[in-house]
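Chemist: sequence and predicted structure, then a few things I'm wondering about:
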Amino acid sequence: MNIPEQLFYTREHEWISVKDEVGTVGITDHAQKELGDVVYVELPESGSAIAAEEAFGSVESVKAVSEIYAPASGRVVEVNTVLADSPEILNQDPYGKGWIIRMHLDDTTELHTLMSAQDYQRYLAEEVGE
Amino acid sequence: MRYISLTPEERKQMLDVLGLGSADELFRSIPAAVRLTRPLDVPSAMSETEVVNYFETLARENTSAQSNACFLGAGAYNHFVPTVIDSIISRSEFYTAYTPYQPEISQGTLQSIFEYQTMISQLTGLDVANASLYDGSSATAEAALMAARVTGRKCILVSPSLHPEYRRVLETYVRNLNFQLEELRQAPDGRIDRDSLEAQIGENCGSVIIQSPNFFGVVEDIAALAQVVKAAGGVLVVAVTEALSLGLLQPPGDLGADIVAGEGQSFGIPLGFGGPYLGLFACRDQYKRQMPGRVVGETVDSQGRRGFVLTLSTREQHIRREKATSNICTNQGLCALMCAVFLATLGRKGLRELAEQNLRKAHYLRSLLADHLVFSGPFFNEFTVRCPESPERINERLAEQGIIGGLPLGRYYAERADQMVVCVTEQVSRTQMDEFARIFKG
């Protein structure tokens, strides 16, 4: 299981990396494996406001549709439009080309409520049994 | 299910297993005071001949659209139903209690639904049609919910000339969902007042529900309304109660409608005292993931052969539970098949001819009632008239002559108690229309 060190993680299996109040958000390697082949990603509009722990989009695979929850509150500044035509990159490169949105964070201290890579690894082991 | 009663031997067998001597012993635990000691108060058995006579006598008391000339429409239409429909839907492969969807065993059913969807898509001028919903009213309510999901706005604008019963179903659907319904204004010609739409649509109100031809029979200017809705970033739902109008009028999708929800009863489904009917539903490709209900798609199997399967099921209730696009819908499989057979039997040209016949006949009756018209807007096969005496009284006099009259509007619109909606289908003859006009005028 690939769990990069420098990222923050949610209990709903999203990740966020932050640089200068701008966060890049995606779903984890574990999430893409559980979903299976992704066929569609429902994206928010650039400029829309999103709230921590609320759904801002969804990922549809051949067997399920799952919401994507915001790791923090803020405003969407960019969406990965490549996903519209090539949703499979979410499976191929969940932490890289498969990023979903970039957002401007309202309050970077919100990140303290998220998990570190070690926490997420433990969480997966305990809660999910991996 | 078999209707074969038990033999005394079978009863004895069961009692032996239970270790009882008689059926009375079986009920011993029930206090004697509440046990029935006399035979049930039901009529004694009849012979087959007696049963047939009994029901035929009862049936003769019905006034049906088959036995009487019918000028009643407003959501249920007396159209010809070709015999081939019953013949095809009665095949045991189709006529099952539930629609099987496993592609391994159901290619025939799935293909028939796929063809139904294709024809509905062509008739509505929209990219995607689902496998059908319950009926026109629930389809319209589903369309309103879908439009609200797409726009993310809480207020829904509703035409005052949406079928009042559709409106009530819509009210039931949204009652506990924290949506507001706001009514649009009607212009004197019977159409939606475009300015009122422009004034009411906005940041809070994005979904617009109209009906065309509307409840009063008037054909709306869909293109003009669609422009306003589009400019405001909204979603336009066009409800259709008289599906046959689609055989002649420009498809709503071509005019800018985003969703069409309608009643398919006109397409080969008998009036049947109000059901079962057929909910038509189609939308633009960009909204297909918000569309309720089942969708059959075309694909290829492992050997590259053409085949059909359910598609986009991940958003349905059995998988997405409370987050599904709808939790109160199903596919009217058999009625959708009736519709598909009807459309395939008539073909593009036949459907147009049938629609033209309706249009011409209705306009003939209109020419006889020209002094009584309420609205000046264009119409298909229904129009509203102001009655020289109470509409109910006119209907009584028509009934005496074996004619089913129009729909009095007083029960839906208090201010229209002197009006009725009159419908003319291909089933009505010129003589019957002359008779209607004579009696109507007193």
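Modeler: Thanks, I have the structure now. Quick caveat, the model's predicted, so the values are computed rather than measured. Residues are numbered from 1 along each chain as shown, chains lettered A, B, ... in the order given.
Chemist: mind listing the helices for the chain?
Modeler: No chain was given, so I picked chain A. With helices called from DSSP state H, chain A shows them at A:29-35, A:82-85, A:89-92, A:117-123.
Chemist: hmm, I had chain B in mind actually
Modeler: Using DSSP H, helices in chain B cover B:8-18, B:23-26, B:48-60, B:83-89, B:107-124, B:136-151, B:164-174, B:194-200, B:222-231, B:317-320, B:333-368, B:391-400, B:430-440.
Chemist: same question for the third one, mean pLDDT?
Modeler: Averaging pLDDT along helix B:48-60 yields 94.
Chemist: which one of the helices of chain B lies closest to B:L244?
Modeler: helix B:333-368 (5.3 Å; CB to CB). (C-beta placed from N, C-alpha, C; glycine too.)
Chemist: and the closest one, what's buried?
Modeler: Buried residues in helix B:333-368, defined by neighbour count with 16 or more other CB atoms under 10 Å in any protein chain shown: B:333-344, B:346, B:351, B:354-355, B:357-359, B:361-362, B:365-366.
Chemist: any idea how far chain B is from the residue positioned nearest the centre of chain A?
Modeler: In chain A, the residue lying closest to the centroid (CA atoms, centre = their mean) is A:G26, at 2.7 Å. In this view, A:G26 and chain B are 20 Å apart by CB to the nearest CB, to the nearest Å.
Chemist: what's that residue in contact with, if anything?
Modeler: Counting by CB atoms under 8 Å, 6 or more residues apart in numbering or on different chains, A:G26 touches A:14-15, A:90, A:94-95, A:98-100.
Chemist: so where's the chain shaky on pLDDT?
Modeler: No chain in the question, so chain A it is. Applying pLDDT under 70 to chain A picks out residues A:130.
Chemist: I was after chain B.
Modeler: Across chain B, the ranges flagged by pLDDT under 70 are B:1-2, B:97-99.
Chemist: now the residue of it found nearest chain A, nearest residue through space, not along the chain?
Modeler: Closest residue of chain B to chain A, CB to the nearest CB: B:T314 (4.7 Å). With CB to CB, 6 or more residues apart in numbering or on different chains as the criterion, B:T314 has its nearest non-adjacent residue at 4.7 Å, and that residue is A:V65.
Chemist: count the neighbours of the one you found for me.
Modeler: Using other CB atoms under 10 Å in any protein chain shown, A:V65 has 23 neighbouring residues.
Chemist: just the one 3 residues further on next, same as before
Modeler: For A:I68, the neighbour count with other CB under 10 Å is 25.
Chemist: report the contact partners of the closest residue to B:F308 other than its chain neighbours.
Modeler: Among residues not flanking B:F308 along the chain, B:L110 sits closest, at 3.7 Å (CB to CB, 6+ apart). If you count contacts by CB under 8 Å, 6+ apart, B:L110 has them with B:101, B:103, B:296, B:308-310.
Chemist: roughly how far apart are B:L110 and B:L310?
Modeler: Plainly put, B:L110 is 8 Å away from B:L310 if you go by CB to CB, to the nearest Å.
Chemist: what sits in contact with each of these two?
Modeler: Joint contacts of B:L110 and B:L310 (CB under 8 Å, 6+ apart) are B:101, B:103, B:296.
Chemist: who wins for neighbours among the residues you listed?
Modeler: Neighbour counts for the shared contacts of B:L110 and B:L310 peak at B:V296, which has 27 neighbours (criterion: other CB under 10 Å).
Chemist: wait, doesn't it sit right on B:S313?
Modeler: No. Counting by CB atoms under 8 Å, B:V296 does not reach B:S313; the two are 10.4 Å apart.
Chemist: how close does whichever residue of chain A sits closest to chain B sit to B:V341?
Modeler: Closest contact between chain A and chain B, by CB to the nearest CB, is at A:V65 (4.7 Å). Computed as CB to CB, the A:V65 to B:V341 distance reads 34 Å.
Chemist: again with B:S161
Modeler: 32 Å.
Chemist: cool, B:V228 as well?
Modeler: 39 Å.
Chemist: cool, and B:E183?
Modeler: Using CB to CB, B:E183 is found at 39 Å from B:V341.
Chemist: and for B:E316?
Modeler: For B:E316 relative to B:V341 (CB to CB), the value is 26 Å.
Chemist: what do you get for B:F80?
Modeler: 13 Å.
Chemist: then A:Q32?
Modeler: 45 Å.
Chemist: and chain B, which residues reach chain A?
Modeler: B:289, B:314-315, B:319-320, B:323 (CB under 8 Å from any CB of the partner chain).
Chemist: any idea which of the residues you listed has the most stuff around it?
Modeler: Neighbour max across these (other CB under 10 Å) = B:R315, 22 neighbours.
Chemist: count the neighbours of the nearest residue to that one once chain neighbours are set aside for me.
Modeler: Among residues not flanking B:R315 along the chain, B:T325 sits closest, at 4.9 Å (CB to CB, 6+ apart). Neighbour count for B:T325, taken as other CB under 10 Å: 21.
Chemist: give the contact list for B:T325.
Modeler: B:146, B:149, B:290-293, B:315-316.
Chemist: equivalent analysis for B:V219, please.
Modeler: By CB under 8 Å, 6+ apart, the neighbours of B:V219 are B:191, B:212-213, B:245, B:249, B:377-380.
Chemist: any idea how far it lies from B:L246?
Modeler: 12 Å.
Chemist: list the contacts for B:R185?
Modeler: With the criterion set at CB under 8 Å, 6+ apart, B:R185 makes contact with B:160, B:192-193, B:196.
Chemist: again, but for B:S64
Modeler: Here B:S64 is in contact with B:L271 (criterion: CB under 8 Å, 6+ apart).
Chemist: test my guess that the residue of chain B closest to chain A contacts A:S66.
Modeler: No. Counting by CB under 8 Å, B:T314 stays clear of A:S66, with 9.5 Å between them.
Chemist: so what sits against both of these two?
Modeler: In contact with both B:T314 and A:S66: A:E60, using CB under 8 Å, 6+ apart.
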